[in-house]
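Student: Curious how this folds, go ahead:
(one chain, ligands or ions: 1)
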Amino acid sequence: MNVRQLWKGAVLAALMLGLAMAQGGKLEIFSWWTTGGEAAGLVKLFELYKQQHPGVEIVNAAVAGGAGSNAKAVLKTRMIGGDPPDAFQVHMGHELTDTWVVTGFMAPLDDIFKQNGWEEVYPKGVLELLKWNGHYWSVPVNIHRANVLWYNKAIFDKYGLTPPTSYDDFFAAAEKLKKAGIVPLALGDNGIWASTHVFETVLIGTLGPDGYKGLWTGATDWNGAGVRKALETFAKMLDYVNSDHAARSWDQANDLIVQGKAAMFIHGDWANGDFMAKKFDDYGWAPAPGNGDVYDALSDSFGMPAKAPHPQEARWWLELVGSKAGQEAFNPLKGSICARTDCDPSLFNPYLQWAMKQWKTNEIVPSLAHGAAAKESWVAAINDVMTLFVTRRNVEQAQKMLVQACADAGVCSH
Ligand code: GAL
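Tutor: As a prediction, this is how the structure comes out:
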């Protein structure tokens, strides 16, 4: 290359940069990703976006609080008040559809799906869940697994334990640990969803995948022996959690595993992202007790409000989160697998490689605590039941309230 060509190249590059800067623009992204792996993944997406659109100012409008416990309320106020962000994090399934789509707040995204060929790269089941009234309404960036039992390996080795596959095994291990002065099960339910989350895995482990799925259609009786048994089991589990659980967030509960103070944590695989961010790798994983071969799934997706102030910038964002490059950069940090089917497994850690295989072979059920199984008002009602239950442990009262919640949701007739 001679000097003239070099000069020409430099001028061209400067012009392109100038053009991009001149694009100007703004992008406001709303989520609840503020902790270790969550924030790391989000920042990575922002970096990629900046490379593609250097002139756009990105506003990170994240609201702290696991599972969107605070963010969802803020989002509602903003959307109803006519002040929507450009794109927001929303769980695929009922949370997206029942809260935002049927109410007319979202922009349809069919052309983005078409132009990017996404119908070829997302699994069929995912595409079906995204569709309502024949249109696509959000772009999934990942798949999370909710029903994982995480454990501190050093503690398990020291006490000769293996991951419990049944509740009997779980309680035997928990008793041993408790006697040794170790917290058997970490819990951080200052956002009550974390208790709902554990309870959801107990429902799956007790009713089996079909029985659990039937809870959301009315096919399984909320008043039956299965739900009662699950409540009894969960009540017993609460005998083995850290006494300060109500003061801890989910990631502070995960700290107990990192610090070797607690042995087990039944939680979603964002805990894996949190371990990575905290540079802790002495952990193991297994399906939660009774949850073998079942993938309790949820997906974080991004949707665009119909009244997004910067629709072009929002479209670029959606294209990025749905792209191979975006998902391959985000998910290894976030602790989730790609929603797309074509990501390179070698970019992911051993846990995530395991999860990818399970995703293909397991029976998939929708997560309750994370918006996939039931509409938000129903999830909120179950969260209220859990708030009472973790302090009172009154099985009969909780079951009555759960029966009522199903009726109020319009799914059960009694
Ligand atoms: C879930 C969400 C995950 C993770 C978790 C804890 O609802 O899908 O991405 O952030 O909450 O905040």
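Student: got any ranges where the stretch 1-150 of the chain has weak pLDDT?
Tutor: For the stretch 1-150 of the chain, applying pLDDT under 70 flags the ranges 1-23.
Student: Where does the closest residue to residue 159 other than its chain neighbours fall, secondary structure wise?
Tutor: Using C-beta to C-beta, 6 or more residues apart in numbering and skipping residues adjacent in sequence, the residue nearest residue 159 is residue 176, 5.9 Å away. The C-beta positions use only the backbone N, C-alpha and C, and glycine is treated the same way. Secondary structure from DSSP states H and E places residue 176 in helix 167-179.
Student: one step back: you'd agree the residue nearest to residue 159 is up against residue 158?
Tutor: No - taking contacts as C-beta atoms under 8 Å, residue 176 lies outside contact range of residue 158: 10.7 Å.
Student: Strands of this structure, start to end?
Tutor: Along the chain, counting by DSSP state E, strands occupy 26-30, 57-60, 87-91, 131-132, 135-136, 139-140, 144-145, 148-152, 183-186, 262-267, 283-287, 294-298, 300-303, 363-366.
Student: Point out the residues in the stretch 251-400 of the chain that sit beside the ligand.
Tutor: 268, 270, 298, 300, 370 (C-beta under 6 Å from any ligand atom).
Student: Show the buried residues in those.
Tutor: Buried members of those, scored by 16 or more other C-beta atoms under 10 Å, are 268, 270, 298, 300, 370.
Student: quick one, what contacts the first one?
Tutor: When you say that, I think you mean residue 268. Neighbouring residues of residue 268 by C-beta atoms under 8 Å, 6 or more residues apart in numbering: 144-146, 148, 197, 298, 367, 370.
Student: now do 6 Å
Tutor: Neighbouring residues of residue 268 by C-beta atoms under 6 Å, 6 or more residues apart in numbering: 144, 146.
Student: repeat for the third one
Tutor: Taking C-beta under 6 Å, 6+ apart, we find residue 298 in contact with 91, 144, 367, 370, 372.
Student: Closest one of the residues you listed to the ligand?
Tutor: Within the contacts of residue 298, the smallest distance to the ligand is 4.2 Å, found for residue 370 (C-beta to the nearest ligand atom).
Student: Tell me what the closest residue to that closest one other than its chain neighbours is bridged to.
Tutor: Closest residue in space to residue 370, ignoring its immediate chain neighbours: residue 298 at 3.8 Å, by C-beta to C-beta, 6+ apart. Beta bridges link residue 298 to residue 144, judged by DSSP bridges.
Student: For the closest residue to the ligand within the stretch 201-350 of the chain, which non-adjacent residue is closest in space?
Tutor: Nearest to the ligand, among the residues of the stretch 201-350 of the chain, is residue 270, at 4.1 Å (C-beta to the nearest ligand atom). Distances taken as C-beta to C-beta, 6+ apart place residue 335 nearest to residue 270, at 5.2 Å, with adjacent residues excluded.
Student: again with residue 214
Tutor: Nearest residue to residue 214 in three dimensions, chain neighbours excluded: residue 220, at 3.2 Å (C-beta to C-beta, 6+ apart).
Student: what's the closest residue to residue 61 other than its chain neighbours in contact with, if anything?
Tutor: The shortest distance from residue 61 to any non-neighbouring residue, by C-beta to C-beta, 6+ apart, is to residue 30 (4.6 Å). Contacts for residue 30 were tallied using C-beta under 6 Å, 6+ apart; they are 61, 85, 88.
Student: Residue 30 and residue 130, how far apart?
Tutor: Distance, residue 30 to residue 130, by C-beta to C-beta, to the nearest Å: 19 Å.
Student: and residue 196, how many neighbours?
Tutor: For residue 196, the neighbour count with other C-beta atoms under 10 Å is 25.
Student: That one contacts residue 369, correct?
Tutor: Yes - counting by C-beta atoms under 6 Å, residue 369 is a contact partner of residue 196 at 4.5 Å.
Student: show me where the stretch 51-200 of the chain has helices.
Tutor: For the stretch 51-200 of the chain, the helices defined by DSSP state H, counting those that start in this stretch cover 71-80, 94, 110-115, 118-121, 124-130, 153-158, 167-179, 193-214.
Student: looking just at contacts, which helices and strands does the second one meet?
Tutor: Same thing as helix 94. For helix 94, there is no helix or strand it packs on, judged by 3 or more C-beta pairs under 6 Å, 6 or more residues apart in numbering; DSSP states H and E.
Student: which parts of stretch 340-351 are buried?
Tutor: Within stretch 340-351, the residues that count as buried by 16+ other C-beta under 10 Å are 340, 343, 348, 351.
Student: Show me where the stretch 201-350 of the chain has its helices.
Tutor: Using DSSP H, counting those that start in this stretch, the helices of the stretch 201-350 of the chain run over 225-237, 250-258, 270-277, 311-321, 324-334, 350-361.
Student: Redo those helices as CSV? Include mean pLDDT.
Tutor: Putting these into CSV (pLDDT from 0 to 100) gives the following:
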stretch, mean pLDDT
helix 225-237, 98
helix 250-258, 98
helix 270-277, 98
helix 311-321, 98
helix 324-334, 98
helix 350-361, 98
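Student: which one of those has the most crowded surroundings?
Tutor: helix 270-277 (a mean of 24; mean count of other C-beta atoms under 10 Å).
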